[in-house]
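A.B. asks: sequence and predicted model, in that order:
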Amino acid sequence: MKKKILLMGLTAGCIVYAIDCIDLAHDFESSKFAQKNKIHIVQTKKITDHICQAKVELNGKLMSNSLFLTDENRSIVIEGNLFDIVREKIIKLNENISKFKKESAFDIGHGKEEYYVFSDPDCPFCKIFANIAEKMKNNATIHFFLYPQKRLHPKSEQKSFYILAEENRSKRFEIYKNMEHNNSLPEIYLDNNGSIRKALNRQIEIGKKVGVEGTPYILNSKGERVDYAAIAKKHNVYPDIFPEILKNIEKAGIPIVFGENNKDEIYYFVEIKNLGDETIRKAKKLAEKFKVLFIPYIDIYNKEKIKERILAFRYIYHKKDGKKERLLYLIENGKFEGDPKKYIRPTPFEKKAEDILGQVAQMFVIRGEAIYTSKGEYVPAQINR
């Protein structure tokens, strides 16, 4: 009898058994469930003899978490709910996240919309979200739970003790957001085995119950995982550091400029796979009013045709000069100018562009296309018309 393995609490996960990943992926994509919900498997990977991991697209958008498949009953976990594909029936499994709100380390905001955030005090992306959260506190309530990841950030547990040692919960957020990376703490917090450690252990326990995979790990009031970039766009709030990053992209000579003589700047990010006549038409239309800093980039989470996309990225950014010409040639002709082999190895300029844009794409989880002002404000779709 095969042993049943249950993976719960993921934004997308599953029930798993034993396995040929390619055949399993094909069977899954052929199911009514996958076709009805437009789920496409981009990449599969065998985790153990009993588990297949898959990266999937849902309605054309890459999901931030993996899907795990089984070859027996074709059940998967989606947003914490067990879904029987054959019977098309949902069996509720997810934790009711709202029942933990009174156990949070601290809360900010007083709005109706609620979010639950699991955060590591030394996680740089957590601090970025904290900056976003502070700006949306009039429209939302954000419950913070401490989830130190000691392997990545050795002092994060000490800092969690330090935060929880503050008896006034209303002061904890200020302590949390003002902590500098890897700063030293009073020795009393280095090895706390009393009530503070017990409180932190409970925070970590709650995180494990809801399936925390990394930080920041953000859930909405339904227990669904959400990207902080999506939250920022929804509330039109952005971290203070973003305008500086955008300006550094421009200083590095990365953007391809349309409408050079216009004063007001906008940054137009386009994933390599989305490049085409339509994106260039849109850039030129925008260039009638704006200086358009057009920035092709690679979404590192999407592995579909990744080698071809990397090669196209390296072709465009092969040198600082001539980027626009290479971009337009690629779109108009569907091929590189010259021998493609010369673009296999990255040049120093391409490597610099890759590093900077990789940081931005990861920080804001940009998917496909996104337009920002020089202040880091998301530009609504209406401007594209």
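C.D. replies: Good, I have the coordinates. Numbering: from 1, shown residues only.
A.B. asks: neighbours of Gln203, how many?
C.D. replies: 21 (other Cβ atoms under 10 Å). Placement of C-beta: from N, CA and C, glycine included.
A.B. asks: where's it relative to Gln149, distance?
C.D. replies: Plainly put, Gln203 is 13 Å away from Gln149 if you go by Cβ to Cβ, to the nearest Å.
A.B. asks: give me the buried stretch members for the biggest strand by length in the chain, please.
C.D. replies: In the chain, taking DSSP state E as the definition, the longest strand is strand 39-48. Buried residues in strand 39-48, defined by neighbour count with 16 or more other Cβ atoms under 10 Å: 39-42, 44.
A.B. asks: what residues are up against Glu260?
C.D. replies: By Cβ atoms under 8 Å, 6 or more residues apart in numbering, Glu260 lies in contact with Lys291.
A.B. asks: all the strands of the stretch 101-250 of the chain, in order from the start?
C.D. replies: 106-109, 113-119, 140-146, 217-220 (DSSP state E, counting those that start in this stretch).
A.B. asks: by contact count, what packs against the longest strand of the chain?
C.D. replies: Contact here means 3 or more Cβ pairs under 8 Å, 6 or more residues apart in numbering; DSSP states H and E; on that basis strand 39-48 packs against helix 21-30, strand 51-58, strand 67-69.
A.B. asks: just say which of those is most tucked in.
C.D. replies: strand 67-69 (a mean of 24; mean count of other Cβ atoms under 10 Å).
A.B. asks: out of the helices and strands packed on strand 39-48, nearest to Glu337?
C.D. replies: Set against Glu337 and scored by Cβ to Cβ, the helices and strands packed on strand 39-48 come closest in strand 51-58, at 31.1 Å.
A.B. asks: now the nearest residue to Gly253 once chain neighbours are set aside: how far from Ile241?
C.D. replies: For Gly253, ignoring the flanking residues on the chain, the nearest one in space by Cβ to Cβ, 6 or more residues apart in numbering is Lys320 at 4.9 Å. Lys320 sits 25 Å away from Ile241, going by Cβ to Cβ.
A.B. asks: Leu146 too?
C.D. replies: For Leu146, the distance to Ile241 - Cβ to Cβ - is 22 Å.
A.B. asks: mind checking which of those two has more residues around it?
C.D. replies: Leu146 (29 against 14).
A.B. asks: who's in contact with that one?
C.D. replies: For Leu146, the contact set (Cβ under 8 Å, 6+ apart) comprises 105, 118-121, 160, 163-164, 200, 203-204.
A.B. asks: low-confidence stretches in the protein?
C.D. replies: Across the chain, the ranges flagged by pLDDT under 70 are 1-20, 46-53, 59-95, 180-193, 300-303, 359, 361-367, 380-385.
A.B. asks: longest helix anywhere in it?
C.D. replies: Counting by DSSP state H, the longest helix found in the chain is helix 348-364.
A.B. asks: that one: what's the following helix or strand?
C.D. replies: Downstream of helix 348-364, the first helix or strand assigned by DSSP states H and E is strand 369-373.
A.B. asks: quick one, that next one and helix 348-364 angle?
C.D. replies: Orientation of strand 369-373 against helix 348-364 (axes from the mean of the first three to the mean of the last three Cα atoms, to 10 degrees) gives an angle of 90 degrees.
A.B. asks: for strand 369-373, name the packing helices and strands.
C.D. replies: strand 265-271.
A.B. asks: mind listing what the strand it packs on pairs with, with the direction of each?
C.D. replies: strand 291-297 (parallel), strand 369-373 (antiparallel) (DSSP bridges).
A.B. asks: residues in contact with the following helix or strand past it?
C.D. replies: Next along the chain after strand 265-271, taking DSSP H and E as the criterion, comes helix 277-286. With Cβ under 8 Å, 6+ apart as the test, helix 277-286 has contacts from 258-259, 266, 268, 270, 292, 294, 328, 331, 369, 371, 383-384.
A.B. asks: again, only this time at 10 Å
C.D. replies: Outside of helix 277-286, the residues within contact range by Cβ atoms under 10 Å, 6 or more residues apart in numbering are 256-259, 262, 266, 268, 270-271, 290, 292-294, 296, 327-328, 331-332, 369, 371, 379, 383-385.
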